[in-house]
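Undergrad: here is the input, now give the coordinates:
(one chain, ligands or ions: 2)
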Amino acid sequence: MNILYISSEAFPLIKTGGLGDVAGSLPNALLKKLHDVRLLLPAYPEVLNKITKNKVIATTAYYGLPASIIETRLPGSKLIVWLLDCPAVFNRPGGPYTDHHGNAWDDNALRFAVFCRCAVDIALDKLKLNWQPDIVHCNDWQSGLVPALLNHHRLRPATVFTIHNLAYQGVFEKQTFSDLQLPDELWHMDGLEFYDQLSFIKGGLAYADKITAVSPSYASEILSPEYGYGLNGLLIKRQQDLSGILNGIDHDHWNPGTDKCLQQKYNRRSINNKSANKTHLQEEFSLPIDATIPMIGIVSRLVEQKGFDIILQAIEKILTKPLQLVILGTGDTHYEIELNKWAKKYPHKLKVNIGYDECLAHRIEAASDIYLMPSTFEPCGLNQLYSLRYGTLPVVTEVGGLADTVTDTSQENINNRTANGFVVKKQTATHLLQALERAITLYKNTAVWRQLQINAMSCDFSWQASAEHYIELYELALKNRQ
Ligand code: ADP
Ligand code: GLC
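TA: Ligands and ions are numbered 1, 2, ... in the order given. Predicted structure coming up:
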């Protein structure tokens, strides 16, 4: 199959979160299964700075703004990447969605409408690239208009829309709909209209041939008002076409046996070497150097979704326990300030790094004994998967992909060797503390802990199985469309 994979970020060219990881690895997994895949990505300055070989393969314009398609490869792989270079909307300092202060770009609707129009042109072979997809795979709201704009074309590829996070919908005021010259027939309740506003994500949810969520549990949670963010009604209507496919992880990039970021590499057989990474991090962060103190790690966007409210409610009690807590993240100023305040008060127990640092993220995964991720909702979550692979036992709430990948350390699960982490049964500070207490207590039992680490490191969350599921879904989408 010819597959056009559309994403607003892809590691290692540009990444703000898990979507970047997925878009940087799933297309490669599909390529390995001998499908012909092209990744379409906006040419942000950070991306242009990272590519070496490139050639312009088409020039065009959207909304009067000159644009071109640059062909390159995803660094370190054979995957062909098509970069949409439209300087008027993408060439500016700052992030893919926000400026340096975290404020959304005020022309985001235009920026991603340009992106969607370009994807549609490729899908319909209007740019004469000598290649046309059978499948157009869209991800999150930034590519939401694509299935909507393709819908009325008779000879069109099949469309798949993946929901990575329903909380981000790309909703803009009504006027934007006409500013973007979108076809009138798309403006209705079962189309792009959302409470008299324009919703990009509805373009995917209403018009894609197939819809996926990034874990089976999240696919069913979003049918409820609690997790559906006003779109559960539409999703229930589309339930026949909605399924959950768990994200995989890149086993080469996240491999403690070969990870170049680590001071001490290790694997299942040499797991004793893991603790040298803890010693290094304790030194680096001026924390007491002691191999017996459990280290708890967090690498995260600092947003409500990731459970920082209950973490902050519990933090004083957490910090009176015999442990060290290491946090790397950026996000809401309120959380940054609060966490820094506690780090000042407990300098020997808490280290907070505000910033974005890929290598430090790897080193925290390797150094920690326990990984804390008490999300309020979690479509899939990748950090608990990286933690498992690094023998770092996750403490997680029972939601979305966390529920699908972490098996609690009950006596029964310990006995049958399926336990790989700790499940916080309810989203309260008290339940969080109880789960952490269980983890710290068990940590002292070296033999059991070692077995739990082996269980965790033996889990296979590579793309192998999930890429197969996507291919089956693409085949179904093609069949349905015919
Ligand atoms: P989400 O996409 O909701 O942020 P995921 O768990 O799916 O959550 O993926 C987050 C990805 O972003 C992981 O690869 C994680 O390591 C990375 N990440 C998040 N914050 C940072 C940070 N401050 N520095 C480095 N990597 C980060
Ligand atoms: C989103 C979700 C996260 C998921 C990631 C990749 O950012 O918040 O749970 O793992 O997308 O699918």
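Undergrad: CA atoms for contacts and neighbours, from now on please.
TA: Fine.
Undergrad: leaving out chain neighbours, which residue sits closest to the residue of the stretch 251-400 of the chain at minimum distance from ligand 2?
TA: Nearest residue of the stretch 251-400 of the chain to ligand 2 (CA to the nearest ligand atom) works out as G381 at 3.4 Å. Nearest in space to G381, with sequence neighbours left out and distances taken as CA to CA, 6 or more residues apart in numbering, is G401 at 6.0 Å.
Undergrad: what about the residue of the stretch 251-400 of the chain closest to ligand 2, neighbour count?
TA: For G381, the count of nearby residues is 23 (other CA atoms under 10 Å).
Undergrad: likewise for P322?
TA: Neighbours of P322 using other CA under 10 Å come to 12.
Undergrad: spatially nearest residue to it (excluding sequence neighbours)?
TA: Taking CA to CA, 6+ apart, and ignoring the residues beside it in sequence, P322 has I293 as its nearest neighbour in space, at 6.6 Å.
Undergrad: and what of P87?
TA: Per CA to CA, 6+ apart, closest to P87 is A67, 7.3 Å.
Undergrad: same check on D196?
TA: K174 (6.2 Å).
Undergrad: so who does that neighbour touch?
TA: D196, Q197, L198 (CA atoms under 8 Å, 6 or more residues apart in numbering).
Undergrad: quick check, pLDDT for it.
TA: As predicted, K174 sits at a pLDDT of 98.
Undergrad: contact partners for D290?
TA: D290 sits next to T279 when contact means CA under 8 Å, 6+ apart.
Undergrad: low-confidence ranges, the stretch 301-450 of the chain, go.
TA: Applying pLDDT under 70 to the stretch 301-450 of the chain picks out no residues at all.
Undergrad: would you confirm that S68 belongs to a strand?
TA: Yes: read with DSSP: H, G, I helix; E, B strand; the rest coil, S68 is one of the residues of a strand.
Undergrad: what's opposite it in the beta bridge?
TA: Beta-bridge pairing of S68 under DSSP bridges involves T59, D85.
Undergrad: show me what contacts it?
TA: The neighbours of S68, taking CA under 8 Å, 6+ apart as the test, are V56, I57, A58, T59, T60, A61, L84, D85, C86.
Undergrad: what of T397?
TA: Counting by CA under 8 Å, 6+ apart, T397 makes contact with M373, P374, S375, T376, A403, V423, V424, K425, K426, Q427.
Undergrad: just among those, which is most surrounded?
TA: Counting neighbours by other CA under 10 Å, P374 comes out on top of those with 28 neighbours.
Undergrad: quick one: it and V395 touch, right?
TA: Yes: with contacts counted by CA atoms under 8 Å, P374 reaches V395, the gap being 7.0 Å.
Undergrad: need the residues touching each of these two.
TA: V424.
Undergrad: rewinding a little: how close does the residue nearest to P322 sit to S275?
TA: According to CA to CA, to the nearest Å, I293 and S275 sit 11 Å apart.
Undergrad: ditto for L432
TA: From L432 to S275 the distance is 25 Å (CA to CA).
Undergrad: of the two, who's got more company?
TA: Neighbour count, other CA under 10 Å: between L432 and S275, L432 has more, with 26 against 19.
Undergrad: next up, the contacts around the nearest residue in space to that one that is not next to it in sequence.
TA: Excluding its sequence neighbours, the residue lying closest to L432 (CA to CA, 6+ apart) is V424, at 5.7 Å. Contacts for V424 (CA under 8 Å, 6+ apart) come out as P374, V395, V396, T397, E398, H431, L432, Q434, A435.
Undergrad: quick check: beta-bridge partners of the fourth one?
TA: Which is T397. Beta-bridge partners recorded for T397 (DSSP bridges): V424.
Undergrad: measure F200 to ligand 2 for me?
TA: From F200 across to ligand 2, the span is 17 Å (CA to the nearest ligand atom, to the nearest Å).
Undergrad: count of neighbours near that residue?
TA: 29.
Undergrad: that one against N139, yeah?
TA: No: if you go by CA under 8 Å, F200 and N139 don't touch, sitting 11.3 Å apart.
Undergrad: quick one on the thing from earlier: going by distance to ligand 2, which of the contacts of K174 wins?
TA: Nearest to ligand 2 among the contacts of K174 is L198, at 21.8 Å by CA to the nearest ligand atom.
Undergrad: the helix or strand where that closest one lies: what's the following helix or strand?
TA: Here L198, judged by DSSP states H and E, is contained in strand 197-199. Remark: after strand 197-199, the chain's next helix or strand is helix 200-207, criterion DSSP H and E.
Undergrad: if you count contacts, what does that next one end up packed against?
TA: Under the contact criterion of 3 or more CA pairs under 8 Å, 6 or more residues apart in numbering; DSSP states H and E, helix 200-207 touches helix 145-150, strand 158-163, helix 232-237.
Undergrad: out of the ones you listed, which comes closest to ligand 1?
TA: Checking these against ligand 1 by CA to the nearest ligand atom gives strand 158-163 as the closest, at 11.5 Å.
Undergrad: list the neighbouring strands of the very next helix or strand once past the closest one plus their orientation.
TA: For strand 158-163, the succeeding helix or strand toward the C-terminus, using DSSP H and E, is strand 171-173. Next to strand 171-173 in the sheet, as set by DSSP bridges, lie strand 197-199 (antiparallel).
Undergrad: can you list contacts of the strand it pairs with?
TA: Where contact means CA under 8 Å, 6+ apart, the residues beyond strand 197-199 that reach it are Q169, G170, V171, F172, E173, K174, T176, F177, L192, E193.
Undergrad: and the strands in the stretch 151-300 of the chain?
TA: 158-163, 171-173, 193-194, 197-199, 210-213, 242-244, 295-302 (DSSP state E, counting those that start in this stretch).
Undergrad: got the ones you listed as JSON lines, with mean neighbour count columns?
TA: Converted to JSON lines, the strands of the stretch 151-300 of the chain look like this (neighbours: other CA atoms under 10 Å):
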{"stretch": "strand 158-163", "mean neighbour count": "27"}
{"stretch": "strand 171-173", "mean neighbour count": "16"}
{"stretch": "strand 193-194", "mean neighbour count": "20"}
{"stretch": "strand 197-199", "mean neighbour count": "22"}
{"stretch": "strand 210-213", "mean neighbour count": "26"}
{"stretch": "strand 242-244", "mean neighbour count": "21"}
{"stretch": "strand 295-302", "mean neighbour count": "23"}
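Undergrad: could I get these as JSON lines with distance to K50?
TA: Converted to JSON lines, these look like this (distance: least, CA to CA, whole Å):
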{"stretch": "strand 158-163", "distance to K50": "27"}
{"stretch": "strand 171-173", "distance to K50": "31"}
{"stretch": "strand 193-194", "distance to K50": "38"}
{"stretch": "strand 197-199", "distance to K50": "32"}
{"stretch": "strand 210-213", "distance to K50": "30"}
{"stretch": "strand 242-244", "distance to K50": "33"}
{"stretch": "strand 295-302", "distance to K50": "24"}
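Undergrad: looking at these, which is closest to Q181?
TA: Among the strands of the stretch 151-300 of the chain, the nearest to Q181 by CA to CA is strand 197-199 (12.1 Å).
Undergrad: report whether stretch 200-213 contacts ligand 1.
TA: No: judged by CA under 6 Å from any ligand atom, stretch 200-213 and ligand 1 are separated, with a smallest distance of 12.5 Å.
Undergrad: tell me the mean pLDDT for that stretch?
TA: Averaged across stretch 200-213, the pLDDT comes to 98.
Undergrad: use 52 as the first number from now on
TA: In the new count, where the first residue is 52, that last one comes out as stretch 251-264.
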